[in-house]
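Visitor: Have a look at this prediction, sequence included:
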Amino acid sequence: MPSTRRSLLTAFLTLSLIDAARMRAFAQAAPELPLTLSCDDGNDVTIEREAGPFFRPNSPLERDLYPGAPGGERITVAGFVLDSRCRPLAGSLVEIWHADENGAYDSIGFRLRGHQFTDVQGRWWFNTIVPALYPGRTRHFHFKVERPGGRVLTTQLYFPGEPRNLEDQLFHETLVLDMKQTRDGRFGRFDFIV
Ligand SMILES: [Fe+2]
């Protein structure tokens, strides 16, 4: 297990727009490659999921959320925002909010809440912690994604191999992060198609 979250993020960030298109063909020859674009021409848009009761507007512009939960298991989540023809969408809003290491949401401040705008290649990433389970739900992150001038996609991302995934009515297999375990935590990849 030689990789770290940082090394996988660095690999992701060197995956340029042109490389991403090339890698789609490459992926068929090398399916173990972890950082390929998960989109083909004509892909369906990412499905929606309810925001739930814990969304709060006006989250900070921040991608490093882990200082809010220093006891949590570290995870980096990253991906592209793409249109349905697989073209990266720069300047898209990506907002995350999630439960802490005890399964609680911050309903007063903005702990484990943040947003950012995709870079010129349409990429986003957050450094945060793995949310704990809370009653009635499987493990999940909440997201809002808004392409420039577009509508807001509200959805949730899930973790592979969670025992409660199949009991959760909001779970959907197309919303599962592509997860890698590294030496210093997990690295989860998901491309939003909006
Ligand atoms: Fe939730």
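Guide: Here it is on my side, so go on. Predicted model only: the values in this text are computed from it and were never measured. Numbers count the residues shown, from 1 in each chain.

Visitor: Which stretches in this structure count as helices?
Guide: Ranges of helices within the chain are 5-13, 17-29, based on DSSP state H.

Visitor: Those helices: lowest mean pLDDT?
Guide: For the helices of the chain, mean pLDDT drops lowest on helix 17-29, to a mean of 54.

Visitor: isn't Pro131 right next to Asn102, touching?
Guide: No - Pro131 is beyond contact range of Asn102, at 9.6 Å (criterion: CB atoms under 8 Å). (Glycine included, C-beta is placed from N, CA and C.)

Visitor: Give me the spatial nearest neighbour of Thr76, chain neighbours excluded.
Guide: Spatial nearest neighbour of Thr76, excluding adjacent residues (CB to CB, 6 or more residues apart in numbering): Arg5 at 4.4 Å.

Visitor: and the one you found, what does it touch?
Guide: By CB atoms under 8 Å, 6 or more residues apart in numbering, the contact list for Arg5 reads 74-76, 127, 182, 184-187.

Visitor: contacting residues around His115?
Guide: Contacts of His115 (CB under 8 Å, 6+ apart): 59-62, 93-96, 144.

Visitor: right, and out of these, which lies closest to Val81?
Guide: Nearest to Val81 among those: Val94, at 6.5 Å, using CB to CB.

Visitor: Give me the neighbour count for the closest one.
Guide: Other residues near Val94 come to 23 when the count uses other CB atoms under 10 Å.

Visitor: With the one 10 residues further on instead?
Guide: In terms of burial, Ala104 registers 14 neighbours under the definition other CB under 10 Å.

Visitor: Quick check: mean pLDDT of stretch 151-159?
Guide: 97.

Visitor: What segments of the chain are strands?
Guide: 74-82, 93-97, 113-117, 123-129, 140-146, 152-158, 178-182, 185-189, 192-193 (DSSP state E).
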